[in-house]
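S.K.: What follows is a predicted structure for the sequence shown.
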Amino acid sequence: MKRTHQCPTGILGFPVAPLKENGELDLKGFEANVNFLLESGLQSVFVACGAGELHALTQEEYKTIVKTAVRLVNGRVPVYTGVGGNVKHALEQAEISAEVGADGYLILPPYLISPSEDGLYNYLKVIIESTELSAIVYQRDKCILTKEALLKLCELPQLVGFKDGVGNMEFNIEAIQLIGDRLEWINGMPLAEVTMAAYYNLGYRTYSSAISNYIPHISAKYFNALQRGDNQTVHELLNDIILPIHAIRKRKEGYAVSLIKAGMNIVGLPVGTTVRPPVAPVESTHYEELKEILGRALEKYPVSGITTEVEVT
């Protein structure tokens, strides 16, 4: 059967990789994370990506996580994986993803090397072509495409999306004008709710949400307000919750991962706060600040039936 290539839309869920205190993978915690996202209405799940500490997983752990996610989701929403780094490892991860029944993968940047345009194109092309799964390229760090290279990659039917983690507005405008709706345009900036209003005006209708791991109703409330043009609600959520959390996130490298686990721990999800080096755990003062923010947020914006099942226009 020929695979239909389609990109997830709306708010994308990125589970963490829960670890026990001894550093071993905690599958019960991972299952709780995925089930929480599904119960909250997330319309896709991206496992073993940046938030899922792909850089620190063994290939065996990677396969275990992907198999567990596919089993738990059971076809209810698309399951995407992260692949990247060493090209041989990325190809193995793509093969594992196809083997266990994932729907697609997000291609993360290669490590260390700052590739030329043709080198980067070849890196992405060989991964995209290696399976029939849908693929999304992630513009960040060592993966900075020109719009011409991205257009050339669009010749590959497996490519369904472009995720931006750089924030070059000029590039985004030019790329969208050149490529249009051939791709799904995904905001992958740090704490993407901070910038989503600007991206929305460019034509982006999808984003990855770190805070959906612990306050998914806030993500949904924000995105629903943005789509309705309810600027007052967008402004209040930014000031009350999103920007204060973002301020903590910017205080230390690695908080992109460890702050998510801290937030989940605060709201009672059984994932712990253990991370693998070089990521560092959240400092106690920052943890308490996040706890205060979430306490105020849940008091002012209680969970009341709002899910992340937003209408994408």
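M.R.: Perfect, I can see it now.

S.K.: Please report how far Glu236 lies from Arg251.
M.R.: Here the distance between Glu236 and Arg251 works out to 24 Å (CB to CB, to the nearest Å). The C-beta positions use only the backbone N, C-alpha and C, and glycine is treated the same way.

S.K.: neighbour count winner among those two?
M.R.: Per other CB atoms under 10 Å, whichever of Glu236 and Arg251 has more neighbours is Glu236, with 17 against 13.

S.K.: and the more buried one, helix, strand or coil?
M.R.: Three-state assignment for Glu236 (DSSP: H, G, I helix; E, B strand; the rest coil): helix.

S.K.: Pull the contacting residues for it.
M.R.: Not one residue lies near Glu236 by CB atoms under 8 Å, 6 or more residues apart in numbering.

S.K.: how far away is it from Ala225?
M.R.: Counting by CB to CB, the separation of Glu236 from Ala225 is 9 Å.

S.K.: Next: Ala247.
M.R.: Applying CB to CB, the value for Ala247 to Ala225 is 21 Å.

S.K.: Among those two, which residue is more densely surrounded?
M.R.: A count of neighbours by other CB under 10 Å puts Ala225 above the other of Ala247 and Ala225, at 18 against 13.

S.K.: Go ahead and confirm the more buried one touches Val234.
M.R.: Yes: contact criterion CB atoms under 8 Å: Ala225 and Val234 qualify, at 4.9 Å.

S.K.: my guess is Leu238 meets Val194, correct?
M.R.: Yes: using CB under 8 Å, Leu238 is in contact with Val194, at 7.4 Å.

S.K.: Please, where are all the helices along the stretch 51-200 of the chain?
M.R.: Taking DSSP state H, counting those that start in this stretch, the helices of the stretch 51-200 of the chain run over residues 59-73, 87-100, 117-129, 147-153, 169-179, 196-202.

S.K.: Can you name every helix or strand that the helix or strand just after the last one contacts?
M.R.: In this case it means helix 196-202. Where DSSP states H and E defines the elements, the next helix or strand beyond helix 196-202 is strand 206-209. The contact analysis (3 or more CB pairs under 8 Å, 6 or more residues apart in numbering; DSSP states H and E) places strand 206-209 against strand 10-13, strand 184-187, helix 216-228.

S.K.: And these: which comes nearest Ile260?
M.R.: Closest approach to Ile260 among the helices and strands packed on strand 206-209 (CB to CB): strand 10-13, 11.4 Å.

S.K.: Which other helices and strands does that closest one contact?
M.R.: strand 45-47, strand 206-209, helix 216-228.

S.K.: could you dump those to CSV with distance to His286 and mean pLDDT?
M.R.: Below are those laid out as CSV (distance: least, CB to CB, whole Å; pLDDT from 0 to 100):
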stretch, distance to His286, mean pLDDT
strand 45-47, 25, 98
strand 206-209, 20, 97
helix 216-228, 19, 97
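
S.K.: Quick check: which of these is nearest to Gln158?
M.R.: When the helices and strands packed on strand 10-13 are compared by CB to CB, strand 45-47 sits nearest Gln158, at 16.5 Å.

S.K.: The closest one packs against which elements?
M.R.: Using 3+ CB pairs under 8 Å, 6+ apart, the elements in contact with strand 45-47 are strand 10-13, helix 27-39, helix 59-73, strand 79-83.

S.K.: can you do 6 Å?
M.R.: Judged by 3 or more CB pairs under 6 Å, 6 or more residues apart in numbering; DSSP states H and E, strand 45-47 is in contact with strand 79-83.

S.K.: and the strand it packs on, what does it pack onto?
M.R.: strand 45-47, helix 59-73, helix 87-100, strand 104-107.

S.K.: Buried residues in the second one, which are they?
M.R.: The neighbour-count check on helix 59-73 (16 or more other CB atoms under 10 Å) flags 61-66, 68-70, 72-73 as buried.

S.K.: tilt between that helix and helix 87-100?
M.R.: Angle of helix 59-73 versus helix 87-100, following axes from the mean of the first three to the mean of the last three CA atoms, to 10 degrees, is 30 degrees.

S.K.: Give me the angle between helix 59-73 and strand 79-83.
M.R.: Relative orientation of helix 59-73 and strand 79-83, computed by the same axes, to 10 degrees: 170 degrees.

S.K.: residues touching Arg140, list them.
M.R.: Arg140 is in contact with 165-166, counting by CB atoms under 6 Å, 6 or more residues apart in numbering.

S.K.: Show me the beta-bridge partners of it.
M.R.: Cys143 (DSSP bridges).
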